[in-house]
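In: Okay, predicted coordinates and the sequence, questions at the end:
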Amino acid sequence: MKKLSTNEWIAVFVVIVSISFFAWGDRVISLINSTGFGGENTEVVNHQTAIVPDQSGLVVQDIVVGTGEEARVGEILVVNYVGALTNGQIFDSSIARNQPFQFVLGSGSVIQGWELGLPGIRVGGKRRIIIPPSLAYGNRAIGPIPANSTLIFEVELLGLQNISQIQDEPVF
């Protein structure tokens, strides 16, 4: 039996993720829509829209292109998100907690898939990110997320703040 190269393993992974997403994507999308994440006047784009993974297996798809400022490394992003496994099980949601999540893009405080998948999103935008295990938690199980899991996130950028603005503000 031939030993597969890294690129061949990536190709196998992409095929498996694509098949899984097409098989269970409707369930994930309906769960995301049922959380109210789509908003009143928006709807999650059909999962069969053309999506092309990069070499790492990361898939980034804009669902709604925002009209505000563009997110850049070093800025504080304020987001709402829903995270699901490829079988449709939602494992986390800032919406369910009614508490947007804040982090500094590029600081390493979130998984690598977010660090790579969120630069360029605009305020008001919604983005689907399909993250391979190598850019998420790898072979570690984290809470309800099994080891070696592909993660699907729907992320809405609510606002941005430049971290230097916070550091320059006087403290009273």
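Out: Cool, got the structure.
In: Is Gln161 bridged to anything, and to what?
Out: Counting by DSSP bridges, Gln161 is bridged to Ile76.
In: From Val123, how far out is it?
Out: Using Cβ to Cβ, to the nearest Å, one gets 11 Å for the distance from Gln161 to Val123. C-beta: built from backbone N, CA, C; applies to glycine.
In: Pick out whichever of those two has more residues nearby.
Out: Using other Cβ atoms under 10 Å as the criterion, Gln161 and Val123 rank with Val123 on top: 17 against 13.
In: ok, that one - contacts?
Out: Neighbouring residues of Val123 by Cβ atoms under 8 Å, 6 or more residues apart in numbering: 66-69, 71, 157-160.
In: got a list of what the residue lying closest to it once chain neighbours are set aside touches?
Out: Once flanking residues are discounted, Val123 sits nearest to Gly68: 2.6 Å by Cβ to Cβ, 6 or more residues apart in numbering. Contact partners of Gly68, counting by Cβ under 8 Å, 6+ apart, are 122-125, 157, 160.
In: got the residue ranges for the helices in this protein?
Out: All helices of the chain, identified by DSSP state H, fall at 6-34, 112-117, 163-168.
In: For those helices, which has the smallest mean pLDDT value?
Out: Note on these: helix 6-34 shows the lowest mean pLDDT, a mean of 54.
In: In the chain, where is pLDDT below threshold?
Out: 1-2, 4-53, 164-172 (pLDDT under 70).
In: If we use 90, what do you get?
Out: 1-56, 161-172 (pLDDT under 90).
In: all strands of it, in order?
Out: Remark: strands assigned in the chain by DSSP state E are 59-64, 75-85, 90-93, 101-104, 126-131, 151-162.
In: okay if I get these as a markdown table plus distance to Glu115?
Out: Shown next, in a markdown table, are the strands of the chain (distance: least, Cβ to Cβ, whole Å):
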| stretch | distance to Glu115 |
| --- | --- |
| strand 59-64 | 12 |
| strand 75-85 | 11 |
| strand 90-93 | 17 |
| strand 101-104 | 10 |
| strand 126-131 | 10 |
| strand 151-162 | 12 |
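In: Burial-wise, tell me which of those strands comes out on top.
Out: Of all these, strand 126-131 has the most neighbours on average by mean count of other Cβ atoms under 10 Å, namely a mean of 25.
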